[in-house]
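# show me how the following folds:
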Amino acid sequence: MKKLWLDVFGWYGMVAIVAAYFLNSFSLIDASGLTYQLLNTTGAVGIVLVSRARRAYQPMVLNIVWTIIGLAALIKMFMRV
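Next comes the predicted model:
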């Protein structure tokens, strides 16, 4: 069961990050918008979880940084409201 959840988190992370990039690249969403930031941040968290479990440290560190940047952008976004 644990492997199934790791696969779900990993696939979600990959799809969310690629979707954010695709949608922004084709001007369907704005990079400063909530949807983009949520897809990137939650996607990075999914990759962190699966990378940690599989001891793949390079993608884990990359996505920890990605998560921190995304959280900072979300905090900044909500502070303006």
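# helices of the chain, start to end?
2-25, 34-53, 57-80 (DSSP state H).
# which regions of this structure sit below the pLDDT cut-off?
81 (pLDDT under 70).
# ok, back up a step: which of the helices of the chain sits most buried?
Highest mean neighbour count of the helices of the chain: helix 34-53, a mean of 20 (counted as mean count of other CB atoms under 10 Å). Using the backbone N, CA and C atoms, a C-beta is placed for each residue, glycine as well.
# neighbouring contacts of it?
Applying CB atoms under 8 Å, 6 or more residues apart in numbering, the contact partners of helix 34-53 are 2, 6-7, 9-17, 19-20, 23-24, 29-30, 56-57, 59-60, 63-64, 66-67, 70-71, 73-74, 77.
# stretch 65-81 too?
Applying CB under 8 Å, 6+ apart, the set of residues contacting stretch 65-81 is Ser32, Leu34, Gln37, Leu38, Asn40, Thr41, Ala44, Val45, Ile47, Val48.
# distance check, the first one against Asn40.
Applying CB to CB, to the nearest Å, one obtains 12 Å for the distance of Ser32 from Asn40.
# overlap of the contact sets of the two?
Here Ser32 and Asn40 have no joint contacts, going by CB under 8 Å, 6+ apart.
# for Leu28, the count of nearby residues, please.
Burial of Leu28 is recorded as 11 neighbouring residues (other CB atoms under 10 Å).
# nearest residue to it in space, ignoring adjacent ones along the chain?
Phe22 (7.9 Å; CB to CB, 6 or more residues apart in numbering).
# do you know how far that neighbour is from Arg80?
Phe22 is 26 Å from Arg80, by CB to CB.
# kindly report the same for Ala56.
36 Å.
# what's the answer for Ala72, then?
Ala72 sits 13 Å away from Arg80, going by CB to CB.
# Gly46 now?
Distance from Gly46 to Arg80, by CB to CB: 27 Å.
# again, but for Asn63
26 Å.
# please apply the same query to Val45.
23 Å.
# repeat that for Leu71.
Taking CB to CB, one finds Leu71 at 15 Å from Arg80.
# same deal with Trp5?
Between Trp5 and Arg80 the computed distance is 35 Å (CB to CB).
# cool, Asn40 as well?
18 Å.
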